[in-house]
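Undergrad: Need coordinates for the below:
(2 chains)
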Amino acid sequence: MSDTLHIQHEVASHGHSGEPHVHHHKETFISKYIFSMDHKMIAKQFLVTGIIWAIIGGLFSVLFRLQLGFPDQNFPILETIFGRWAEGGKIKPEFYYALTTMHGTVLIFFVLTAGLSGTFANLLIPLQVGARDMASPFMNMLSYWFFFAGSIVMISSLFTQTGPAAGGWTVYPPLSALSQASQGSKSGMDLWIIAMTLFVASQLLGGLNYISTILNMRTKGMSMTRLPLTIWALLFTAILGVLSFPVLLSGLVLLMFDRHLGTSFYLSDIYIAGQALPNEGGSAILYQHLFWFLGHPEVYIIILPTMGLVSEILAINARKPIFGYMAMIASLMAICVLAFLVWAHHMFVTGLNPFLGSVFVLLTLLIAIPSAIKVFNWITTIWRGNLRFTPAMLFAIGFVSIFISGGLTGIWLGNSTIDIHLHDTMFVIAHFHIVMGVSAFFGMFAGIYHWYPKMFGRYMNNTLGYIHFWVTLASAYLIFWPMHYQGLAGMPRRYLDKSSWASFSQFHGLDAMISVVTIIAFSVQLMFVFNYFYSMYKGRRVRSQNPWDATTLEWTTPIHPGHGNWEGEIPEVHRWAYDYGKDGRDFIPQTEPIGENESEH
Amino acid sequence: MSTSIVSTQQHNKLHPHKFALWVAIASILMMFAGLTSAYVVKSNQTGWRSFVMPKIFWVSTVVIMVSSITMQMAVKAFKNRNMQQYRAMLGVTFVLGIAFVISQVFGFEALWENNVRFKGASGAGQFFWPITGLHALHVIGGVVALLIIFFRSVIGKTKTYNPVPVEVMSTYWHFVDGLWLYLMIFFLILG
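TA: Numbers count the residues shown, from 1 in each chain, chains lettered A, B, ... in the order given. Here you go, the predicted structure:
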């Protein structure tokens, strides 16, 4: 971590030399780069930590894809690196489960929640609503450091004797509650719970700040309906987080009691290793309810911020106002409400009452409506626009494509009857990786390419950006599209080796192909990481305050804004964020008053 | 950065810190809603074992309700700039907060004596521990905050008449009080 912070120091000080700068308060190295209370620096801290986590989590998927693609081969290098976890160059079953579990946990929580919302909520909320910082900069700093502490605990679980948590990112009991049940349910599981508790604390501190900053600290004239859609999306994301993460926490507290104090919240009538346990009357399904009450909103916590980023980037680079602004807000709100009402669709095969199941089917399928409205509006936004194909724009368009592909299979899985066949198969893996994994990454990449000039005063390299986009897009479909067929054929997820089933042996070549593409896709992401860090020093400098000709407030700040963002007064806002191509003008900034002969949009 | 985070045109709005507290309260409520709804679902299943609330929890209830009143008096004294009384009432609230936690510990011990313990079959008693334990943690958090603002008012270098921190404190304190009342009634009816 200290290395990366050092890098940021150099970059920032580099930029300083050319810029006259107003310092409102004295900053030391520690107060500026480590325990910083500046929302922009905290955003960068979240992003860099998220990138490190993404490399770790992505590498895990490469490792278990080696096993899945080439189950009968040995890779001696694995033994060199992982020792007894991969004796003879073959991944052990316990290690395989630990890898899949940590891949899920890391990517979902540490990258696509903290790395994504943490970065863009911190960077964009004060800049786009016109505030000098968050409602409580101190709590905002705490939010990052709780995340950092959670990260350290989670990393440390990789180095324990019995390995990290295993048994899936959902850590269902009774497996996760009984340390005698598996290696991954020993100390690794405790560290997982502690890390997640710290993580939840981080999310709550962050979420409180995001919500109260958006609702209470907008600049003069910035009414709610003049906010850019990024802010609306981040608002609903934060609301989802503060209302659902505490429920996960309560589920984890009960799990901790079951693990260490002998309670029976989730355990009942268990006979393990020749011994009957005294636990009675508990219910493992209770955990699933508590988990999925967070778990489902969590997927919207991941995807909503990217919807906001993409809406903004599409409008700017199509030079057209966003189509259906109010419909966009309404559909975000509808998704936010429905997110809390569909959790049991993850539990269709738990013996859930079929009549109750049908209610959850209905509510689940209802989410297709706001999602379709959003997709329609994105397409109509770029329809007949003067498209500028920046890397950010390509990723935004790619997001829409991927989101449609993944969303359609959601309609399959949302039906409880089809789900009986598809549950826990590779079809589910394909569905959620496309709709919330890959598409959230596309939205995040779009955001990074687009706001990089604001973060570092330089551009990222475009050529590398284009290679990154096309290879990632092709790989995403090559990896996940075939998994639908595997899942339809009944191939289960999480299995170590399926070669002994005659019915799945036909997929052997397909699995090998997927694994090879995974390695290619992973190396292209490393190229992106290179681009990210290289451009901090060597990227093309930003010369204009408003490089994308955008209307929003963040581009009215200096190229290297200090803590406090605007050097003079905070600008006043007179119009909505999407006056592109209006009255013969390419764009009109939000700060410009409505002209005499002009009508508000 | 200017010292105040609130710009001039925002004065008629709710202070961001107060608003953040309300969101935090909603968040904490969700955690207890999760736990108590788990309790409700489980209590309808066969083999559910109930328990009797030890009488000492009534003492806790009275103590925390009185502390809410003294907290309110502290806010009133602060607004009247009667700092002497403000500090006194803050101190009383702090002592009552500690008394509440101690009283809870006695209650936990009484329960333990009555054989309502962790191990073994599921039941109301098992749920009681994490739920009231988490509540006690929230009260302890409030007690620490009381201590901090008490010392700030005693050894603060500058005199401040900004009522926001005190009001945030009192709202939180009333919240943990109300939360305890809810839990008490909940366990009395469903325990």
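
Undergrad: Mind pulling up the pLDDT for B:Lys157?
TA: Per-residue confidence (pLDDT) for B:Lys157: 64.

Undergrad: With B:Val154 instead?
TA: 83.

Undergrad: you'd agree it is in a strand?
TA: No. Per DSSP: H, G, I helix; E, B strand; the rest coil, B:Val154 lies outside any strand segment and is helix.

Undergrad: residues near it, how many?
TA: 11 (other CB atoms under 10 Å in any protein chain shown). (C-beta placed from N, C-alpha, C; glycine too.)

Undergrad: again with B:Phe100
TA: B:Phe100, neighbours per other CB under 10 Å, totals 27.

Undergrad: Can you verify it is assigned to a helix?
TA: Yes. When three-state DSSP is applied, B:Phe100 is found to be in a helix.

Undergrad: That one is in contact with B:Val62, isn't it?
TA: No. With contact defined as CB atoms under 8 Å, B:Phe100 does not count as touching B:Val62 (9.6 Å).

Undergrad: quick one, what contacts A:Thr49?
TA: A:Met1, A:Phe110, A:Ala114, A:Gly115, A:Phe147, A:Phe148, A:Ser151 (CB atoms under 8 Å, 6 or more residues apart in numbering or on different chains).

Undergrad: A:Thr425 - nearest residue in space that isn't next to it in sequence?
TA: Distances taken as CB to CB, 6 or more residues apart in numbering or on different chains place A:Gly487 nearest to A:Thr425, at 3.8 Å, with adjacent residues excluded.

Undergrad: now A:Ala177
TA: A:Asp258 (4.4 Å).

Undergrad: the helices in chain B, which residues?
TA: Along chain B, the stretches classed as helices by DSSP state H are B:16-43, B:56-79, B:83-113, B:124-155, B:164-190.

Undergrad: actually the stretch 451-600 of chain A, not the one I typed
TA: For the stretch 451-600 of chain A, helices defined by DSSP state H, counting those that start in this stretch occupy the ranges A:462-488, A:508-538.

Undergrad: Just name the most buried of those.
TA: helix A:462-488 (a mean of 19; mean count of other CB atoms under 10 Å in any protein chain shown).

Undergrad: and that helix, what does it pack onto?
TA: helix A:391-413, helix A:426-432, helix A:439-456, helix A:508-538 (3 or more CB pairs under 8 Å, 6 or more residues apart in numbering or on different chains; DSSP states H and E).

Undergrad: One more pass at 7 Å, please.
TA: Contacting helix A:462-488 under the criterion 3 or more CB pairs under 7 Å, 6 or more residues apart in numbering or on different chains; DSSP states H and E are the following elements: helix A:391-413, helix A:426-432, helix A:508-538.

Undergrad: Compare the helices of chain B and give me the one nearest A:Arg384.
TA: helix B:16-43 (41.8 Å; CB to CB).

Undergrad: tell me the mean pLDDT for the closest one?
TA: Per-residue scores along helix B:16-43 average to 92.

Undergrad: these two touch, right, B:Arg165 and B:Ile149?
TA: Residue B:165: Pro, not Arg. Yes. Taking contacts as CB atoms under 7 Å, B:Pro165 lies within contact range of B:Ile149: 6.0 Å.

Undergrad: Neighbour count for these two, which is higher?
TA: Counted by other CB under 10 Å, B:Pro165 and B:Ile149 do not tie: B:Ile149 has more neighbours, with 19 against 16.

Undergrad: Could you list the contact residues of chain B toward chain A?
TA: Counting by CB under 7 Å from any CB of the partner chain, the residues of chain B close to chain A are B:1, B:5, B:7, B:9-10, B:13-14, B:16-17, B:19-20, B:23-24, B:26-28, B:30-31, B:34-35, B:38, B:41-42, B:45, B:47, B:118-123, B:126, B:130, B:134.

Undergrad: tell me, which helix in chain A spans the most residues?
TA: Max-length helix for chain A by DSSP H is helix A:284-318.

Undergrad: Identify the residues contacting the residue nearest to A:Thr425.
TA: A:Leu422, A:Thr425, A:Met426, A:Phe427, A:Val428, A:Ala430 (CB atoms under 7 Å, 6 or more residues apart in numbering or on different chains).

Undergrad: Point to the residue nearest the middle of chain A.
TA: A:Leu112 (1.7 Å; CA atoms, centre = their mean).

Undergrad: coming back round to it: would you format the helices of chain B as a markdown table with distance to A:Lys582 included?
TA: Formatted as a markdown table, the helices of chain B follow (distance: least, CB to CB, whole Å):
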| stretch | distance to A:Lys582 |
| --- | --- |
| helix B:16-43 | 33 |
| helix B:56-79 | 50 |
| helix B:83-113 | 56 |
| helix B:124-155 | 51 |
| helix B:164-190 | 42 |
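
Undergrad: Identify whichever of those helices lies nearest to A:Leu286.
TA: Of the helices of chain B, nearest to A:Leu286 by CB to CB is helix B:16-43, at 5.6 Å.

Undergrad: So which elements touch the closest one?
TA: Counting by 3+ CB pairs under 7 Å, 6+ apart, helix B:16-43 packs on helix A:187-216, helix A:229-260, helix A:284-318, helix B:124-155, helix B:164-190.

Undergrad: picking that back up, after the longest helix of chain A, next one along is what?
TA: With elements assigned by DSSP states H and E, the helix or strand that comes after helix A:284-318 is helix A:325-339.

Undergrad: Let's see the next helix or strand after that next one as PDB, backbone CA atoms only.
TA: Under the assignment DSSP H and E, the closest C-terminal helix or strand after helix A:325-339 is helix A:354-366. The C-alpha trace of helix A:354-366 is given here as PDB (Å, rounded to 0.1, in the frame of the first residue of the first chain):
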ATOM      1  CA  PRO A 354     -44.500 -22.700  -4.000                       C
ATOM      2  CA  PHE A 355     -47.300 -20.100  -3.500                       C
ATOM      3  CA  LEU A 356     -44.800 -17.800  -1.700                       C
ATOM      4  CA  GLY A 357     -42.400 -18.600  -4.500                       C
ATOM      5  CA  SER A 358     -44.900 -17.400  -7.100                       C
ATOM      6  CA  VAL A 359     -45.000 -14.000  -5.400                       C
ATOM      7  CA  PHE A 360     -41.300 -13.800  -5.600                       C
ATOM      8  CA  VAL A 361     -41.400 -14.800  -9.200                       C
ATOM      9  CA  LEU A 362     -43.800 -12.000  -9.900                       C
ATOM     10  CA  LEU A 363     -41.800  -9.400  -8.100                       C
ATOM     11  CA  THR A 364     -38.500 -10.600  -9.700                       C
ATOM     12  CA  LEU A 365     -39.900 -10.400 -13.200                       C
ATOM     13  CA  LEU A 366     -41.200  -6.900 -12.400                       C
END
